[in-house]
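Q: Below are the sequence and a predicted model; questions follow.
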Amino acid sequence: MSTFTDTAENVPGRHGPHATTEADPREVGRVRTEYSPAHDGDPDPGEIVWTWVPFEENDGRGKDRPVLVVAREAAGSFLAVQLSSKRHDGDREWVAIGSGPWDRSGRDSWVDVDRVLRLYEDGMRREACALDRMRFNLVRQRLHERYGWT
């Protein structure tokens, strides 16, 4: 019998050299965001993929969730921001992107531009879809304003 914990152990991006980690957006060096989705199964900036995202407490817990890939790093890793279907108010900045095929229930989503994630191709579960250029540019603009990314 399989439990959620057993299943969660095998989620790409949770452990090992391809684990999803939090990246300090001010210390990642020069970042060039680009919109370059290609529906080929490989992650590309502008696409929403699924990966294990550690909780901010960094205590080993986390959740398999959709993230928006915003940039490719020279070392082969990617920078991404997490999505949530819960409206968030408070001290963090969330950019509304509406609904899309990444959420089977059709709920509106928000992107957290305060928390940047580093992920690896082998640490992603699947490509969900490409975000349209207009909504990607909203997120891109906020990342540029906050971190100076081009």
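A: Now that the structure is in, tell me what you want to look at. All figures in this text were calculated on a predicted structure; none of them were measured in a lab.
Q: So Gln82 lies in a strand, does it not?
A: Yes: under DSSP: H, G, I helix; E, B strand; the rest coil, Gln82 falls within a strand.
Q: so it touches Arg115, yeah?
A: Yes: Gln82 lies in contact with Arg115 (CB atoms under 8 Å); the separation is 6.4 Å. All C-beta spots, glycine's among them, are computed from the backbone N, C-alpha and C.
Q: more crowded one of these two?
A: Neighbour totals were compared for Gln82 and Arg115, and Gln82 leads with 21 against 16 (other CB atoms under 10 Å).
Q: which residues touch that one?
A: Val53, Arg65, Pro66, Val67, Leu68, Val111, Asp112, Arg115, Leu117 (CB atoms under 8 Å, 6 or more residues apart in numbering).
Q: Who are the packing partners of the longest helix seen in the chain?
A: What stands out as the longest helix in the chain, according to DSSP state H, is helix 133-147. If you count contacts as 3 or more CB pairs under 8 Å, 6 or more residues apart in numbering; DSSP states H and E, helix 133-147 packs onto strand 62-72, strand 94-98, strand 109-119.
Q: Now do the same contact list for the residue nearest the centre of the chain.
A: What sits nearest the mean C-alpha location of the chain, by CA atoms, centre = their mean, is Val67, with 2.5 Å. Val67 makes contact with Thr20, Ile48, Val49, Trp50, Thr51, Val53, Ala80, Val81, Gln82, Leu83, Leu117, Leu119 under the criterion CB under 8 Å, 6+ apart.
Q: in the protein, which ranges drop under the pLDDT threshold?
A: 1-9, 90-91, 127-128 (pLDDT under 70).
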